[in-house]
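1. Here you go, sequence then predicted model.
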Amino acid sequence: MSDYLPEEIIHKILLKLPVKTLIKSTLVCKSWKSLIKSSTFIQSHLRTTIDSNDQNDSHLLLLSASSYNRIDETSHQHHWLHWDSPEFGEHSMLSTPVIFLKNKPVSDLGVVGTSNGLVCLEADQFYSDRSPTLIWNPSIRKIVMLPTPPVCFTSTKYDKYTTHGFGYDAHSNDYKILRVVTLLDDHSDLSRFATVVQVYSLARGSWKSLRASVIPVDLQCGFESPAFVNGSFHTLQARLSVYYNDHYEEHHKCGGESFIGTFNLATEVFGEIMRPEALRGGSCSISRYGDSLALIKHYNYDFRDLVNRGCDIWVMKQYGVAESWTYLFNISVVQASIYGFKRCGEVVLMENNERGRSRMISFDPKTNQVKVFGTEDYIYHFMDSFVESLVLLDHANAISYQVARTKSLMANDCFWLSP
C-alpha cells in the first residue's frame, strides 16, 4: 500500500484504527510495525482515541468485582469493560493475567487504579503485604512486573496499613505509583506519625523512598484509595494530636481536625486543600466527579430513618479554591458506598440490604430513579473511566501473555509468557 499512498496518509489512517486492528497491522510489514510501536505514534494514537471518544460519546468504564467459590474455597477477581452510558451495557470481559508468587499461580489481583489504558494490579495481602504487583494493558495483552518495594519498617510489633494510588505524570510522560505505609500504635516519636512514602516510576523501573523531611508529620495511610484529580492524589487526613492514655500511663498519638492532603505526581510535593465549612464535621469520603474533586458526606445507615439517610455530594468547581465548594445533590439510599460517577450524571454505588447482601445500583439525581446492575453473586470493588490504548507496546520490560487453556485455572485467566 505504501507504493500507492504517501506515508503521511498511511500514518493518518493508522491513527484512526482501533487497538486490536493495529496489533494485527504490525504483521503487514516491518515499516508498519516500526511505526505502530514507536513512542510518538503511541502517544498520538492515545490523543486521537480520546478526542474521538469525546466526539462520538463512546466512553468506557472499567469495572472490577470478586466472587467466592464455595467448592474449592477460593476467591477470584473479574474485570469488565462497560459502556459509560445510561444503559451501562457490557463491552467485553477482560482476561486476567496469572502471575506466580511463591511458586503458586495467582490470579486474584485487585485494581489499584487505571490511567490511559493501563491498570495497576496488586495481589492479596497474604502474598505481597499489599504492594502493587504489576501494570497491565488488557487491550494489547501486555504486563510489566513490578519489583518489590524497599522494606519500610523492620519492627513486627505493630500492624502496618498501606494505601496505593496510580496515576499519569503528564509533565514527564510517566506512570507512577504512590505507596503510603503507616505503622500503627507506634508512640515512640510523638512529633509525627510513623509513615513512609514510596514512589514507583514506570519509566525508571524502580521504587524510591521519599526523605522523612518532606513527609508531613500529619500524614497517615488512609482506608480508601486516593482520588487523582488535576495531576495530584487527594486523601482525607487528620491533624496530629497527642493525648495521655491513663490505661498505658503514657502519651499516645491520634488524629484531630480533618483536612484534604494532596500529593503532586510531577513535583512529588505534598500540600493541603481546605474542606468546605459545612463538611468540617461528620463522616466523609473523597472521590472524583468528572474532572473535579468531590467530597461525599455520609449520614447514618439506619434502615428505619427515612430522613437522615444516604449522602450529600459536594464538588470543588475551581480546583484549589476553597470558596468554590458547591453542594450538588443528595443520594437517598441507606448505604452509599460510591464506586464513581457516569458521564450522564448518574452515580454508581453499592447498596446493602437488611440481609447483609450488597448489589450495584445506578442512581439518577435528576429523577431519583434507581437501576440495579450486576448480581449479588459478585462483590464489586472498583469502577473508573477507561480508554483502550497502545501504551506499553514500546516498553522494553513488557511481557506478553495468552489465555490459559488448563482446567486448573479459570477460563478467563491468562499466563504471562515472554517479552
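-> Here it is on my side, so go on.

2. what sits against H78?
-> S64, A65, S66, S67, M93, T96, Y378, N412 (C-beta atoms under 8 Å, 6 or more residues apart in numbering). Backbone N, C-alpha and C define where each C-beta goes, glycine included.

3. sec struct for it, please.
-> Counting by DSSP: H, G, I helix; E, B strand; the rest coil, the backbone at H78 sits in strand.

4. Equivalent analysis for the one 10 residues further on, please.
-> Secondary structure assignment for F88 (three-state DSSP): coil.

5. Ramachandran angles for it?
-> Backbone geometry at F88, expressed as degrees, to the nearest 10, gives phi 60, psi 40.

6. And the most centrally placed residue in the chain, how close does it get to I135?
-> Among the residues of the chain, the one closest to the centroid is G113, at 2.0 Å (C-alpha atoms, centre = their mean). Between G113 and I135 the computed distance is 10 Å (C-beta to C-beta, to the nearest Å).

7. Which residues are in contact with each of these two?
-> With C-beta under 8 Å, 6+ apart, G113 and I135 have common neighbours V119, C120, F166.

8. could the residues you listed go into JSON lines alongside secondary structure, distance to K176 and pLDDT?
-> Converted to JSON lines, the shared contacts of G113 and I135 look like this (DSSP: H, G, I helix; E, B strand; the rest coil; distance: C-beta to C-beta, whole Å; pLDDT from 0 to 100):
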{"residue": "V119", "secondary structure": "strand", "distance to K176": "14", "pLDDT": "97"}
{"residue": "C120", "secondary structure": "strand", "distance to K176": "10", "pLDDT": "96"}
{"residue": "F166", "secondary structure": "strand", "distance to K176": "8", "pLDDT": "97"}
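
9. As TSV, those residues with neighbour count and distance to I177 would be great.
-> Shown next, in TSV, are these (neighbours: other C-beta atoms under 10 Å; distance: C-beta to C-beta, whole Å):
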residue	neighbour count	distance to I177
V119	25	12
C120	27	6
F166	27	5
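
10. quick one: which of the residues you listed is nearest V144?
-> Comparing the shared contacts of G113 and I135 against V144 with C-beta to C-beta places C120 closest, at 9.9 Å.

11. if we can go back for a sec, relative to I177, which of the contacts of H78 is nearest.
-> Nearest to I177, judged by C-beta to C-beta, of the contacts of H78 is S64 at 17.1 Å.

12. element containing the closest one?
-> strand 60-69 (DSSP states H and E).

13. How about Y244?
-> Assessed by DSSP H and E, Y244 sits inside strand 232-245.

14. If you count neighbours, what's buried in the helix or strand that comes right after that strand?
-> Later in the chain than strand 232-245, the nearest helix or strand by DSSP H and E is strand 250-264. Using 16 or more other C-beta atoms under 10 Å as the test for burial, strand 250-264 gives K253, S258, F259, I260, G261, T262, F263.

15. buried ones in stretch 58-77?
-> Within stretch 58-77, the residues that qualify as buried are H59, L60, L61, L62, L63, S64, A65, H76, Q77, counting by 16+ other C-beta under 10 Å.

16. for the strand holding Y244, which positions count as buried?
-> S232, F233, H234, T235, L236, Q237, A238, L240.

17. about what we covered before: list the neighbouring strands of the strand holding S64 plus their orientation.
-> Strand 60-69 has its sheet partners listed here by DSSP bridges as strand 74-83 (antiparallel), strand 379-386 (antiparallel).

18. roughly how far is the first one from the heart of the chain?
-> When you say that, I think you mean strand 74-83. Chain-centre distance of strand 74-83: 14 Å, with C-alpha atoms, centre = their mean, to the nearest Å.

19. How about residues contacting the longest helix along the chain?
-> Counting by DSSP state H, the longest helix found in the chain is helix 39-56. With C-beta under 8 Å, 6+ apart as the contact definition, helix 39-56 has outside contacts at 11, 14-16, 22, 35, 58-60, 116-117, 173, 387-391, 393-394.

20. hmm, try it at 6 Å
-> L15, L35, H59, N116, V387, S389, L390, L393, D394 (C-beta atoms under 6 Å, 6 or more residues apart in numbering).

21. Perfect, that will be all.
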